[in-house]
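In: could you work out the structure for the sequence below:
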Amino acid sequence: MSTMTAPAVPTATDVRAAAERIAPHARHTPVMRTEVDGRPLTLKLEHLQRTGAFKLRGALNALMGGEPTDRVITASGGNHGLGVATAASILGVRATVYVPETVPEAKAAPLAATGAEIIRVGEHYAVAAEAARAQADSEGVRFLHAFDDALVVAGQGTIGLEVAADVPECDSIVVAVGGGGLAAGVRLGAGGRRVVGVEPEGCQSMHSALAAGHPVATPVESVASSALGASTLGRVPFEVLRANPITPVLVTDAEIISAQTRLWEEFRIATEPAAAVPFAAWAAGRIPGENPCLVVCGANADWRLAG
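Out: Residues are numbered from 1 along each chain as shown. This next block holds a predicted model:
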């Protein structure tokens, strides 16, 4: 049993406060109601968010809602770093972003374009995060975690609020799970709707944490690992999900790739693999509910289709 101090845990009230706070800078992304294979389906088009992914929401809320600062250090597989770097640029804060050496160029290039300092360390997110935290500690600078932070979780939860407002008939909201920040936040903002958290079979931080009763280190091996490659579920998300359970689902890499291709072919939505994870679970018949809403969470992929 961990002897660490219990983390601050956000509430639905914090999500509503985040929505007001970030509204001047983050987009209220649209939804698309459609029908696939004769079944109704709603897509929350969060890949149209500034920076191409939902992470801007949490970054803005953390920088706007926390202690005032003129410098921030973070670590990211790509999207969170881009969110923090962009939020920092908007708010006049200097940002340093540690990324794995394996970060895709489709994420590294726009990250560099924000003007943030980029430092590449290690093969996986966890290594970059450890180096970033050590640097922040040594300099006395704020370290902003990608998902294990109450303000970040509340910011991501604003997606749930938007779905509840825009698709009131929706009975389940489906999200991809990496470190758990999006799933926990959306659960708080979903207005009592069922939330389904989908993980690749090769990145099961949430499944493993729920089975063990606390976050545990897990292997990271998936086509979606650049975005969903957190080896350990965050403690803040875990506490939220322990008190507010969601439905866990797994998908294979083959199902993710098929879903990614189908999103392009049917809707001309070019996502990164992680954003196709909810659609993969839905296409495989693993999502409960008559009117699900799938969060298409990011599009920072290098899509060059032959043609």
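In: how about the closest residue to Arg194 other than its chain neighbours, phi and psi?
Out: Closest residue to Arg194 apart from its sequence neighbours, by CB to CB, 6 or more residues apart in numbering: Ser172 at 4.2 Å. The C-beta positions use only the backbone N, C-alpha and C, and glycine is treated the same way. The phi/psi pair for Ser172 (degrees, to the nearest 10) reads phi -150, psi 140.
In: for Ser172, name its beta-bridge partners.
Out: Arg194, Pro292 (DSSP bridges).
In: just Arg120 next, same as before
Out: As for beta bridges, Arg120 partners with Val99 under DSSP bridges.
In: spit out the contact partners of it.
Out: Residues counted as contacts of Arg120 (CB atoms under 8 Å, 6 or more residues apart in numbering) are 98-101, 103, 128.
In: please list only the buried members of those residues.
Out: 98-100, 103, 128 (16 or more other CB atoms under 10 Å).
In: same list, the residues you listed, but as a markdown table with distance to Asp166 and pLDDT please.
Out: Output for the buried ones among the contacts of Arg120, formatted as a markdown table (distance: CB to CB, whole Å; pLDDT from 0 to 100):
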| residue | distance to Asp166 | pLDDT |
| --- | --- | --- |
| Tyr98 | 36 | 93 |
| Val99 | 33 | 89 |
| Pro100 | 35 | 87 |
| Val103 | 33 | 79 |
| Ala128 | 35 | 87 |
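In: hmm, which two among these are most spread apart?
Out: Tyr98 and Val103 (10.0 Å; CB to CB).
In: and the strands in this protein?
Out: Counting by DSSP state E, the chain has strands at residues 31-36, 39-44, 71-75, 94-99, 117-120, 142-144, 172-176, 194-200, 247-251, 292-295.
In: between the fourth one and strand 71-75, how many degrees?
Out: Orientation of strand 94-99 against strand 71-75 (axes from the mean of the first three to the mean of the last three CA atoms, to 10 degrees) gives an angle of 10 degrees.
In: other residues contacting strand 94-99?
Out: By CB under 8 Å, 6+ apart, the residues outside strand 94-99 that reach it are 70-78, 81, 84-85, 88-89, 107-108, 111, 114, 116-121, 128-129, 131-132, 135, 141.
In: what do you get for the first one?
Out: For strand 31-36, the surrounding residues in contact (CB under 8 Å, 6+ apart) are 40-45, 163, 166-167, 266-267, 283, 293.
In: on that earlier part again, need the strands of the chain in CSV (columns: distance to Gln156).
Out: Listed next are the strands of the chain as CSV, based on distance: least, CB to CB, whole Å:
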stretch, distance to Gln156
strand 31-36, 17
strand 39-44, 12
strand 71-75, 15
strand 94-99, 18
strand 117-120, 23
strand 142-144, 13
strand 172-176, 9
strand 194-200, 12
strand 247-251, 18
strand 292-295, 10
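In: if we can go back for a sec, buried subset of the contacts of strand 31-36 as a ChimeraX selection?
Out: In ChimeraX, a selection of the buried entries from the contacts of strand 31-36 looks like this (16+ other CB under 10 Å):
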select :41,42,43,44,45,163,166,167,267,283,293
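In: of all the contacts of strand 31-36, which two lie farthest apart?
Out: Longest span within the contacts of strand 31-36, CB to CB: Asp166 and Ala283, 23.0 Å.
In: how close does Asp145 get to Val36?
Out: Careful, residue 145 is His; it's not Asp. 36 Å (CB to CB, to the nearest Å).
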